[in-house]
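Visitor: Here is my input; please provide its structure:
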Amino acid sequence: MVKVKVFATLIKLTGRKILEVPAGSVGELLEKLYSTYPGFEEELKRGFMILVNGRNIEHLQGLQTPLREEDIVSIFPPAGGG
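Guide: Model (predicted):
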């Protein structure tokens with residue numbers, strides 16, 4: 001199982017801060033989260049950042065980034081401020 005840490009409004013959707021999901025890639029992980037938690041996909045469309053072991057998937061293989069059992073996926077809301 002991959003550990004998934006969620007933040008902000010995603011905690012309200014899932015009811016937890018840390019989830020465990022079996023998945024072989026980031027894309028597969030997201031599909032499972034979408035089907036399990038209604039509204040999850042809509043929230044991510046607002047621009048959440050996805051990290052695997054602290055590295056942004058944009059700098060890895062995007063949704064095809066492979067996942068292993070010991071990986072930690074963090075899903076953060078967009079940062080604002082100035």
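Visitor: pLDDT wise, what is residue 81 at?
Guide: Confidence at residue 81, expressed as pLDDT, is 50.
Visitor: err, residue 8, not the other one
Guide: pLDDT, read off for residue 8, is 89.
Visitor: Then residue 72?
Guide: pLDDT, residue 72: 98.
Visitor: what are the phi and psi angles of residue 26?
Guide: phi -60, psi -40 (degrees, to the nearest 10).
Visitor: Residue 20 - nearest residue in space that isn't next to it in sequence?
Guide: Nearest in space to residue 20, with sequence neighbours left out and distances taken as C-beta to C-beta, 6 or more residues apart in numbering, is residue 1 at 4.0 Å. Bear in mind the C-beta positions are built from the backbone N, C-alpha and C, glycine included.
Visitor: cool, and residue 49?
Guide: residue 76 (4.7 Å).
Visitor: do you know how far the one you found is from residue 11?
Guide: 12 Å (C-beta to C-beta, to the nearest Å).
Visitor: out of these two, which sits in the busier spot?
Guide: residue 76 (16 against 13; other C-beta atoms under 10 Å).
Visitor: show me what contacts the more buried one?
Guide: Residues near residue 76 by C-beta atoms under 8 Å, 6 or more residues apart in numbering: 7-8, 48-51.
Visitor: Which entries within these meet the buried criterion?
Guide: Buried by 16 or more other C-beta atoms under 10 Å: 48, 50-51, out of the contacts of residue 76.
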